[in-house]
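Student: Just a sequence and a predicted model for now, questions to come.
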Amino acid sequence: MHDIEIKSVTKTYIGTKEAAVKELSLVVEKGSIVTLLGPSGCGKSTTLRLIAGFERADSGSISLAGKTVSDSNTWIPPEKRGIGMVFQDYALFPHLNVFDNVGFGYKEKDRKSRVMEVLELVNLKGYEQRYPYELSGGQQQRVALARALTRRPVVVLLDEPFSNLDADLRVSMRIEVKRIIKEAGATAIFVSHDQKDALAISDQIVVMKDGIVQQIGTPREIYQYP
Ligand code: ADP
Ligand code: ADP
């Protein structure tokens, strides 16, 4: 079963000549981790924003968990797509503690137990009362990931999540983030320009160039690795 299905999507930003993404098609299997890899400007973030619903495609269609969220006559807004997002700078609320960051906008009856459950998943039990500025970079990233998972999203989108971590932490967080996403049972799309990120976390790597998909394969297929 496919959790994400993109069919021939094109997006040209207003005021630009070249399309940022050109007739892009991609299917992502349920539960798998896919990395969009390629140099700056190749269309990775645009692809992520189209899936999230922060941008609308000029043509083509996007389905999530078997439901069309975007085509010429369908538009489901971002908050109704069942996605969780982790941004490059984590985008934590500085005036809210860890508990409230993770539970932000989650109003279900099980709020307390759900927040504690995801904090346990990311190894941050005991940090509920801390504020973002009292946390290390790796801990902030785990809070951001926990927040993205609170609503049990079908799909998690991560935009360059490792770029603000120093080299050592980056190596350990790749493994940790992969474990967390697999345990949560989510389907994930990462954006990265770092081959090592892609090798360490991906089930599939999508190599992009100038708005098109150049190559798709497992890390082994793409890099004859390990
Ligand atoms: P990234 O690290 O994702 O490549 P960029 O520095 O390219 O980020 O872009 C940062 C922000 O600026 C993004 O939100 C993107 O939409 C916007 N942006 C990038 N290129 C342009 C452009 N040519 N015109 C207007 N906005 C742009
Ligand atoms: P990447 O994430 O791979 O760095 P982007 O998707 O950010 O690439 O950008 C793809 C192309 O679209 C680039 O040429 C970029 O300058 C352009 N672009 C991105 N965002 C905007 C924007 N908001 N307005 C105009 N052009 C943009």
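Tutor: Nice, I can see it. For clarity, every value in this text was computed on a predicted model and none was experimentally measured. Ligands and ions are numbered 1, 2, ... in the order given.

Student: Okay, buried residues for stretch 187-199 please.
Tutor: Neighbour-count burial for stretch 187-199, counted by 16 or more other CB atoms under 10 Å, picks out 187, 188, 189, 190, 191, 192, 193, 194, 195, 197, 198, 199. C-betas here are computed from N, CA, C, even on glycine.

Student: residues in contact with the strand or helix carrying residue 35?
Tutor: Using DSSP states H and E, the element containing residue 35 is strand 33-37. Residues from elsewhere that reach strand 33-37 (CB atoms under 8 Å, 6 or more residues apart in numbering): 26, 28, 44, 47-48, 178, 181-182, 187-195, 197-198, 201-208.

Student: do stretch 102-116 as well
Tutor: Stretch 102-116 has contacts (CB under 8 Å, 6+ apart) with 93, 96, 99, 118, 119, 125, 128, 143, 146, 147, 150, 151.

Student: Burial check on the second one, number of neighbours?
Tutor: Residues near residue 96, counting by other CB atoms under 10 Å, number 14.

Student: Just say helix, strand or coil for it.
Tutor: Here residue 96 is coil, with the state taken from DSSP: H, G, I helix; E, B strand; the rest coil.

Student: confidence score at it?
Tutor: Residue 96 carries a pLDDT value of 97.

Student: cool, and the fourth one?
Tutor: On pLDDT, residue 118 comes in at 94.

Student: Neighbours of the nearest residue to it once chain neighbours are set aside, how many?
Tutor: In space, and not counting its chain neighbours, residue 118 is closest to residue 146: 4.3 Å by CB to CB, 6 or more residues apart in numbering. Residue 146 sits with 26 neighbouring residues when counted by other CB under 10 Å.

Student: thought residue 146 was touching residue 120?
Tutor: No: between residue 146 and residue 120 there is no contact under CB atoms under 8 Å: 9.4 Å.

Student: CA atoms only for the longest helix along the chain - export them in CSV, please.
Tutor: Longest helix of the chain, by residue count under DSSP state H: helix 167-184. Presented in CSV, the C-alpha positions along helix 167-184 are these (Å, rounded to 0.1, in the frame of the first residue of the first chain):
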residue,chain,number,x,y,z
ALA,A,167,29.0,16.4,13.4
ASP,A,168,29.0,14.0,16.3
LEU,A,169,25.5,14.6,17.4
ARG,A,170,24.4,14.4,13.8
VAL,A,171,25.7,10.8,13.5
SER,A,172,23.8,9.7,16.6
MET,A,173,20.6,11.6,15.8
ARG,A,174,20.3,10.0,12.4
ILE,A,175,20.1,6.6,14.1
GLU,A,176,17.8,7.9,16.8
VAL,A,177,15.4,9.7,14.5
LYS,A,178,15.2,6.6,12.3
ARG,A,179,14.4,4.4,15.3
ILE,A,180,11.7,6.9,16.5
ILE,A,181,10.0,7.1,13.1
LYS,A,182,10.0,3.3,12.7
GLU,A,183,8.6,2.8,16.2
ALA,A,184,5.9,5.4,15.6
